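S.K.: I would like the atomic coordinates for the input below:
(one chain, ligands or ions: 2)
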Amino acid sequence: MWHGKRVAVIFPTYNEKDSIRRAVLAYYATGLVDEVIVVNNNAAPGTSEEVAGTGAREIFETKQGYGNALLCGIDNTDAELVIFSEPDGTFSGHDVIKLLAYSDDVPVVFGTRTTREFIWQGANMGKFLRWGNWAVAKMTEVLYGTTILTDMGCTQRLLSREALRVIRPHLTIGGSHFGPQVLLEVIQHGIPFVEIPMNYCARVGESSVTGSIWKAWKLGWRMIFLVLSYRCGLVARERTHWREATVTPPRARQEEDQPGTESLAALAREVRERTDSKSGTLLQR
Ligand SMILES: Nc1nc2c(ncn2[C@@H]2O[C@H](COP(=O)(O)OP(=O)(O)O)[C@@H](O)[C@H]2O)c(=O)[nH]1
Ligand SMILES: [Mg+2]
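M.R.: Ligands and ions are numbered 1, 2, ... in the order given. From the prediction side, this is the model:
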């Protein structure tokens, strides 16, 4: 729970049998996560046994692909704050607190894995992947005039329920470039977002998406093609702009929740009175 909002984490799983148990427990250990949803995407045998008893809810998506698994997770939670992640040991449960802290100000918080200080030894983030992700992200930033973007492929991110409600009908990609489509739909809808550094560690087991340079190269080109298609209006659809889609912008709502100047003055008076009664010298100094 974060400021009265329910928090869910979605873990798609395909080949993470040896790390998923630890991942689920680490995210619950933050004390901030209400529900971990494991989407079993024809996962390695033994995965369900590892998930059992962790408190996570396991659901099954037989349509293969990262995007299909995430969409199934999104459609199976009503949490107000939804975090996408991976249970392969690359992300840290501790970073949930960073995503949540920024969710107070913006409805979407993207992670980035290209900040040098946060890349741990053994992480699959060599020069090619780091600069490749950075370059496609910068291309997107310049083409759309967005806030800073430095990673096109980070899969740890947070979306509010309102943001998901707005973009969900436009999410169509079942494969690995689902992540960039989420980013592009957020941009196209004018949803405010920020990108923050995530710790990125070595993976447990083999990566099947960016493990080989050839696969990463192909995925990179698919991402570039997707960004350009959106920019050229080839994915033109009717979209409701964020400002019209949300009745009250989150920031305005939070301001309503803040104590007004009157109650702040009362609080200051109370503190003064208490300090006064305990130690007069403190006030006089
Ligand atoms: N390769 C693959 N990954 C899937 C599939 N469905 C879900 N995933 C998830 O996609 C994520 C990325 O895969 P991974 O092998 O870790 O690639 P990497 O993050 O690029 O190293 C993992 O969390 C997988 O569980 C699928 O059909 N194939
Ligand atoms: Mg991974």
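
S.K.: contacts, neighbours, all on C-alpha from now
M.R.: Will do.

S.K.: Show me what from the stretch 151-285 of the chain comes close to ligand 1.
M.R.: 207, 208, 209, 210, 211 (CA under 6 Å from any ligand atom).

S.K.: So the last one, which state does it fall into?
M.R.: Think residue 211. Of the three states, residue 211 takes coil according to DSSP: H, G, I helix; E, B strand; the rest coil.

S.K.: And for residue 83?
M.R.: Applying three-state DSSP: residue 83 is strand.

S.K.: Now do the helices in the stretch 151-285 of the chain.
M.R.: 161-167, 178-188, 213-231, 242-245, 250-257, 261-278, 280-284 (DSSP state H, counting those that start in this stretch).

S.K.: circling back to that earlier point, most neighbours of all the residues of the stretch 151-285 of the chain next to ligand 1, which one?
M.R.: The most crowded member of those, judged by other CA atoms under 10 Å, is residue 210 (19 neighbours).

S.K.: What does the pLDDT read for the residue nearest to that one when sequence neighbours are not counted?
M.R.: Leaving out its chain neighbours, the residue that sits closest to residue 210 by CA to CA, 6 or more residues apart in numbering is residue 216, at 4.6 Å. Residue 216 is assigned 92 on the pLDDT scale.

S.K.: How many neighbouring residues does residue 216 have?
M.R.: As a burial measure, residue 216 scores 18 neighbours (other CA under 10 Å).

S.K.: Let me see the contact set for it.
M.R.: Applying CA atoms under 8 Å, 6 or more residues apart in numbering to residue 216 gives the contacts 129, 209, 210.

S.K.: of all the residues you listed, which comes closest to residue 47?
M.R.: Closest to residue 47 out of the contacts of residue 216 is residue 209 (19.0 Å), distances taken as CA to CA.

S.K.: ok, that closest one to residue 159 distance?
M.R.: When distance is defined by CA to CA, to the nearest Å, residue 209 is 23 Å away from residue 159.

S.K.: same question, residue 114
M.R.: Distance from residue 114 to residue 159, by CA to CA: 21 Å.

S.K.: Now do stretch 112-125, average pLDDT.
M.R.: In this model, stretch 112-125 has a mean pLDDT of 97.

S.K.: Could you tell me the end-to-end distance of it?
M.R.: 11 Å.

S.K.: Now that stretch: buried residues?
M.R.: Within stretch 112-125, the residues that qualify as buried by neighbour count (16 or more other CA atoms under 10 Å) are 112, 113, 114, 115, 119, 124, 125.

S.K.: ok, now stretch 30-44?
M.R.: Neighbour counts over stretch 30-44 (16+ other CA under 10 Å) mark 32, 33, 34, 35, 36, 37, 38, 39, 40, 41, 42, 43 as buried.
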